[in-house]
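Student: Show me how the following folds:
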Amino acid sequence: MLSRILILLYGIAAYAAFFVTILYGIGFVSGIAVPKTIDSGGLPGLEPLASVMINLAVLAFFGIVHSTMARPEFKRRLTRMIPVAAERSTFVLVASLQLALVFYLWQPLPIVLWQISHTAFVYAGIGISLVGWVVVFWSSFLIDHFDLFGLRQVWLNFKETPYSHSPFMVRGLYKMVRHPLMTGFMMAFWITPTMTLGHLLFALVMTVYIIIGVALEEKDLERALGEDYIAYKKSTPMFFPLKLKR
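Tutor: Prediction:
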């Protein structure tokens, strides 16, 4: 009983870490209500090249660890050392801590590449970016938010109920694109009334990582779901609801 309580508390703590980090991330990218943003804070007097190298290093560290931990083989090895019910929460906790490290170490490059000054377009840009975050959360609930972030696993373990994967279902935004959650992230990262060099670097690197990460994930999904996912992949675009004619 004590073990199950501790695993449940661990899962709740991991989810809390995710929630705080994602809220900070919204402010970090949009430049709203947080002490350090994508274009402010950082070490004074740092050369632009040094800032670029630091930023690339922290983003690469995040990408490599996050992608490695998402692979089935790594999960199998990890669950030899920790309870199976805690595996997803561990993934969530590590990702949250890594993102916090990105925010902490990020060095702004406030060189303005383009800027929209018309008030209506400024608010439209901010609004679309925030809609991107709404899409992220909405998409997570369409597939099973609490399973995605580990709470379902630790709760079922607490109740001593066997865990089963959520069935493959296509609904809502997933009828339009295969990865609306990632589409939401790209909207949030790219749509901004003021694009600085640092913001562009962040958006570009994260987009490249999303593309690579999704390609690896889809291979795992094809192996796990078989023909159902292959058919879905053929009929539904990846990120944007546009089908290019061949």
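
Student: Tell me the backbone dihedrals of the closest residue to Gln115 other than its chain neighbours, please.
Tutor: Counting by CB to CB, 6 or more residues apart in numbering, Gln115 lies nearest to Thr194, which is 4.7 Å off, once chain neighbours are set aside. In this view, the C-beta of every residue, glycine as well, is placed from N, C-alpha and C. Backbone geometry at Thr194, expressed as degrees, to the nearest 10, gives phi -130, psi 110.

Student: Touching, Thr194 and Ile116? I think so.
Tutor: Yes. If you go by CB atoms under 8 Å, Thr194 and Ile116 touch, sitting 7.3 Å apart.

Student: Now list whatever residues contact both of those two.
Tutor: Here Thr194 and Ile116 share no contacting residue, scored by CB atoms under 8 Å, 6 or more residues apart in numbering.

Student: Any buried residues in the one helix or strand Ile64 maps to, and which?
Tutor: In this assignment (DSSP states H and E), Ile64 forms part of helix 48-69. By neighbour count on 16 or more other CB atoms under 10 Å, the buried set for helix 48-69 is 51, 54-55, 58-59, 62-63, 66, 69.

Student: Repeat that for stretch 154-170.
Tutor: Across stretch 154-170, burial judged by 16+ other CB under 10 Å covers 154-155, 157-158.

Student: and it, how far from the chain's centre?
Tutor: Relative to the chain's own centre, stretch 154-170 is displaced by 22 Å; criterion: CA atoms, centre = their mean, to the nearest Å.

Student: average pLDDT for it?
Tutor: Throughout stretch 154-170, pLDDT has a mean value of 91.

Student: where do the strands sit along the chain?
Tutor: All strands of the chain, identified by DSSP state E, fall at 112-115, 194-196.

Student: Please identify the deepest-packed of those strands.
Tutor: Mean neighbour count (mean count of other CB atoms under 10 Å) peaks for strand 194-196 among the strands of the chain, with a mean of 18.

Student: follow-up on the earlier one: take the buried residues of stretch 154-170 and write them to TSV, including distance to Val170.
Tutor: TSV is the format used below for those (distance: CB to CB, whole Å):
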residue	distance to Val170
Val154	27
Trp155	26
Asn157	28
Phe158	31
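
Student: Looking at these, spot the one nearest Leu2.
Tutor: Phe158 (11.3 Å; CB to CB).

Student: re the thing from before, dump the residue contacts of the residue nearest to Gln115.
Tutor: So, once contact is read as CB under 8 Å, 6+ apart, Thr194 ends up touching 39, 112, 114-116.

Student: Identify the farthest-apart pair in the residues you listed.
Tutor: Greatest spacing in those, by CB to CB: Asp39 and Ile116 (15.0 Å).

Student: The two: which is more packed in?
Tutor: Shown here are Asp39 and Ile116; by other CB atoms under 10 Å, Asp39 has more neighbours (23 against 14).

Student: The more buried one contacts Leu197, doesn't it?
Tutor: No. Asp39 sits out of contact with Leu197 when judged by CB under 8 Å, with a separation of 9.4 Å.

Student: Under the pLDDT cut-off, which ranges of this structure? List them.
Tutor: Along the chain, the parts satisfying pLDDT under 70 run over 243-246.

Student: which residues in it form helices?
Tutor: For the chain, the helices defined by DSSP state H occupy 2-30, 48-69, 72-78, 87-105, 119-143, 145-148, 151-158, 180-190, 197-225, 227-235.

Student: Can you tell me which of the ones you listed is packed in deepest?
Tutor: Sort the helices of the chain by mean neighbour count, taking mean count of other CB under 10 Å, and helix 180-190 sits at the top with a mean of 21.
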